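# Need a 3D model of the sequence below.
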Amino acid sequence: MTATLKMTHKAIGAEVRRGTYEIMVDGDLAGSVEMNKTVEIPIESGSHTLQLRSGRNSSRAQTFEAAEGQTVAFRCTGKSMLPEFLLSFVVPSLALQLRRVGDGRTFD
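Presented below is the predicted three-dimensional model:
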């Protein structure tokens, strides 16, 4: 009973936080993604919590459901609007952005 987590690290324009991001699924390191790359990670179907980390910087944790055979896609970046960028130096969980992309369902 597996699903797939697809993570793309891409920004349009300049990005200050360009390093490799660690992908944390349910609090455990599941893999990493480099700038302008996409990785696919097999996960168990069910409910999960997803977060990115890069040193002291992170994203906010997001929960998602993954059904059997489903590909759940996210896009991540270190780019943000200036007020949020400045606030991220005090609140590191605002440093990285994580957004779900499309439906991502696959049918066999």
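# Just want the phi and psi numbers for residue 65.
Residue 65 adopts backbone torsions of phi -110, psi 140, taken as degrees, to the nearest 10.
# same question but for residue 61, I mixed them up
In terms of degrees, to the nearest 10, the main-chain angles of residue 61 are phi -70, psi 140.
# That one and residue 6, how far apart?
Remark: distance between residue 61 and residue 6 (C-beta to C-beta, to the nearest Å) = 18 Å. In short, each C-beta sits where N, CA and C put it, glycine included.
# the bottom helix or strand of this structure by mean pLDDT?
Across the helices and strands of the chain, mean confidence by mean pLDDT, DSSP states H and E is lowest for helix 82-87: a mean of 70.
# buried set for that one?
For helix 82-87, the buried set under the neighbour-count rule, 16 or more other C-beta atoms under 10 Å, is empty.
# Name the next helix or strand following that helix along the chain.
strand 97-101 (DSSP states H and E).
# Partner strands of that next one and their direction?
strand 71-77 (antiparallel) (DSSP bridges).
# Could the C-alpha coordinates of the partner strand be exported in PDB?
Extracted C-alpha coordinates of strand 71-77, given in PDB (Å, rounded to 0.1, in the frame of the first residue of the first chain):
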ATOM      1  CA  THR A  71       1.100  10.900  -6.500                       C
ATOM      2  CA  VAL A  72       0.900  13.900  -4.100                       C
ATOM      3  CA  ALA A  73       2.900  16.800  -5.600                       C
ATOM      4  CA  PHE A  74       4.400  19.800  -3.800                       C
ATOM      5  CA  ARG A  75       6.500  22.700  -5.000                       C
ATOM      6  CA  CYS A  76       9.000  24.400  -2.600                       C
ATOM      7  CA  THR A  77      11.000  27.600  -2.700                       C
END
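# got the buried residues for it?
Buried residues in strand 71-77 (16+ other C-beta under 10 Å): 71-77.
# Check the offset of that strand from the chain's centre.
The chain centroid and the centroid of strand 71-77 are separated by 6 Å under C-alpha atoms, centre = their mean, to the nearest Å.
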